[in-house]
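K.L.:
Sequence first, then the predicted structure:
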Amino acid sequence: LALKQAEAGASWLNVNIGARALTDPDWMGRVIQAIQQVVTVPLSFDFPSKKVQEVCLRAYEPARANGTLPIVNSITEHRWDLMELYGAYRFKVILMASERVEVEDGKPVAKGNKTADEIYSTARRGALRLQREYGMPFDDIFIDMSVSAIIADTERLNRSTLDAVRLIGADPELKGIHMM
């Protein structure tokens with residue numbers, strides 16, 4: 001499958017082996033090595049577990065992807081622990097703008113973003129934190145703007161997302177950041 005995707009022109013391959021990654025994380029490492037034996041396309045590791053992401057990053061060989069760093073897919077305000085890996089490994093990130101963390105009764109609670117300002121503020125806060133605390137260049141940050149499937153959008157979330165894209169694009173402090 002990886003070979004067919006690369007031959008079809010994929011510029012990145014997203015790797016996710018499902019729940020087996022939690023029960024057998026070393027297998028995920030072997031999958032990455034096997035993929036890199038047959039393609040030179042860089043990889044994105046799509047799993048919310050820090051343990052699994054570390055196995056992926058350890059197995060990945062940038063030289064086999066023409067020196068391109070892998071992508072950790074994805075970071076959110078309530079899943080920031082994945083950034084603890086950035087000291088030992090270099091990578092790019094997908095930063096989710098769809099949810100934020102608010103404190104309720106002294107406890108952090110994840111909330112879905114519904115307005116352009118919520119989406120923009122979450123993206124801005126996360127991107128600036130990545131830059132300031134980790135020294136990550138904006139060219140290594142991809143903001144995932146998806147908030148709702150188009151077909152299921154009954155709350156005008158896609159309109160809010162488009163408005164947030166405009167806000168991010170107009171923010172001079174976010175110049176050079178990628179949106180997807």
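P.N.:
Alright, I've got the coordinates.

K.L.:
Tell me what the closest residue to I71 other than its chain neighbours is bridged to.
P.N.:
Distance criterion CB to CB, 6 or more residues apart in numbering; nearest residue to I71, sequence neighbours excluded, is S44 at 3.9 Å. No exception for glycine: its C-beta is placed from N, CA and C like everyone else's. Beta-bridge pairing of S44, defined through DSSP bridges, involves N14, I71.

K.L.:
Near S44, how many other residues are there?
P.N.:
Neighbourhood size, S44 [other CB atoms under 10 Å]: 20.

K.L.:
Over to E133?
P.N.:
Neighbours around E133, by other CB under 10 Å: 11.

K.L.:
Does it lie in a helix or a strand, and which?
P.N.:
Taking DSSP states H and E as the definition, E133 sits inside helix 116-134.

K.L.:
Buried residues in that helix, which are they?
P.N.:
116, 118-124, 126-131 (16 or more other CB atoms under 10 Å).

K.L.:
what's the residue most central in space within the chain in contact with, if anything?
P.N.:
With distances taken as CA atoms, centre = their mean, I94 lies nearest the centre of the chain, 2.0 Å away. Taking CB atoms under 8 Å, 6 or more residues apart in numbering, we find I94 in contact with 44, 71-75, 142-144, 180.

K.L.:
one step back: out of the buried residues of helix 116-134, the closest to E61 would be?
P.N.:
Nearest to E61 among the buried residues of helix 116-134 is L130, at 24.0 Å by CB to CB.

K.L.:
Against Y86, how distant is Y134?
P.N.:
To Y86, Y134 is 5 Å away according to CB to CB, to the nearest Å.

K.L.:
where does this structure have low pLDDT?
P.N.:
147-155 (pLDDT under 70).

K.L.:
Quick one: the strands in it, in order.
P.N.:
13-15, 43-46, 71-75, 92-96, 99-104, 107-112, 141-144, 178-179 (DSSP state E).

K.L.:
want to throw those strands into JSON lines with distance to P25?
P.N.:
Below are the strands of the chain laid out as JSON lines (distance: least, CB to CB, whole Å):
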{"stretch": "strand 13-15", "distance to P25": "13"}
{"stretch": "strand 43-46", "distance to P25": "11"}
{"stretch": "strand 71-75", "distance to P25": "15"}
{"stretch": "strand 92-96", "distance to P25": "20"}
{"stretch": "strand 99-104", "distance to P25": "25"}
{"stretch": "strand 107-112", "distance to P25": "24"}
{"stretch": "strand 141-144", "distance to P25": "24"}
{"stretch": "strand 178-179", "distance to P25": "28"}
